[in-house]
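# Okay, here's the prediction I keep looking at, along with the sequence it came from:
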Amino acid sequence: MIAYIFWHVAPAGTATTYEPALLRFGAALAATGTPGLLGNATYRIAGTPWMPEPGYEDWAWLAGSWALDELNRRAVEGEAKVPHDAVAQATKHGGFGALHYLVAGEHRAPPGDSRVFWISRPRGVVWRDVMPGIVASATSPVTVWRRQMVLGPSSEFAIIGAPGSSLTLPEGWSVTAVDRHRL
């Protein structure tokens with residue numbers, strides 16, 4: 001399973017119109033019947049290291065990379081075109097996208113409010129040896145997503161847990177915890 005993630009910012013003072021537009025696009029995308037699209041959700045976030053201002057994080061969960069071409073096509077045509085274009089025109093200075101794949105935990109229906117730990121490891125550390133200990137240290141069940149082919153600006157790992165959850169990292173690893181509110 002993979003996830004396409006897109007970070008973006010609304011122009012100042014537009015959240016009351018921008019958020020409903022995001023929800024309309026999310027519903028239209030879900031209704032496209034895209035083969036391999038397992039779900040999608042949008043979250044309001046305070047920011048990330050690569051997008052330091054408050055904004056939004058869209059996730060689309062896919063059965064595999066084979067579904068990307070069709071998702072890309074269907075997101076901008078048919079019933080999804082008008083809601084997509086409305087959001088795209090309103091988004092402040094573009095956005096940032098990334099692909100991650102599931103490496104641990106079980107992804108279920110799109111999670112609600114949650115905390116994402118954006119994690120990077122020190123050079124030379126074999127992550128597969130260390131990740132089971134990080135997962136075991138989490139104070140809630142988690143899913144672990146790893147950036148694919150260094151596509152996108154994000155940290156190498158996204159560990160998603162319940163709101164308020166925490167985890168322990170070995171020395172030298174870096175983390176940014178981001179609380180998310182699902183729209």
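Thanks, I have it.

# tell me, how many neighbours does Tyr43 end up with?
Per other Cβ atoms under 10 Å, the neighbour tally for Tyr43 reads 24. Just so you know, the C-beta spots here come from the backbone N, C-alpha and C atoms, and that holds for glycine as well.

# any idea how far it is from Arg123?
30 Å (Cβ to Cβ, to the nearest Å).

# again, but for Gln89
Separation of Gln89 from Arg123 (Cβ to Cβ) stands at 41 Å.

# Which parts of this structure are strands?
2-9, 37-45, 55-62, 92-104, 114-120, 143-147, 157-161, 174-182 (DSSP state E).

# Any chance of a markdown table for those strands, columns mean pLDDT and distance to Ala30?
What follows is these, written out as a markdown table (pLDDT from 0 to 100; distance: least, Cβ to Cβ, whole Å):
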| stretch | mean pLDDT | distance to Ala30 |
| --- | --- | --- |
| strand 2-9 | 96 | 14 |
| strand 37-45 | 97 | 6 |
| strand 55-62 | 96 | 9 |
| strand 92-104 | 91 | 19 |
| strand 114-120 | 97 | 19 |
| strand 143-147 | 97 | 20 |
| strand 157-161 | 97 | 20 |
| strand 174-182 | 96 | 14 |
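
# Isn't Arg182 up against Ala41?
Yes - assessed by Cβ atoms under 8 Å, Arg182 is found in contact with Ala41 at 5.7 Å.

# Please say which of the two ends up with more neighbours.
Taking other Cβ under 10 Å, Arg182 and Ala41 do not tie; Ala41 has more neighbours (19 against 14).

# Just give the nearest non-adjacent residue to the more buried one, would you?
Spatial nearest neighbour of Ala41, excluding adjacent residues (Cβ to Cβ, 6 or more residues apart in numbering): Pro110 at 3.8 Å.

# Ramachandran coordinates for that neighbour?
phi -50, psi 120 (degrees, to the nearest 10).

# Assess the claim that it and Tyr43 are in contact.
No - at 9.5 Å, Pro110 and Tyr43 do not qualify as touching, with contact defined as Cβ under 8 Å.

# helices or strands up against the helix with the most length in the chain?
Of all segments of type helix in the chain, defined using DSSP state H, the longest is helix 15-30. Packing contacts for helix 15-30, counted by 3 or more Cβ pairs under 8 Å, 6 or more residues apart in numbering; DSSP states H and E, involve strand 37-45, strand 55-62, helix 81-90.
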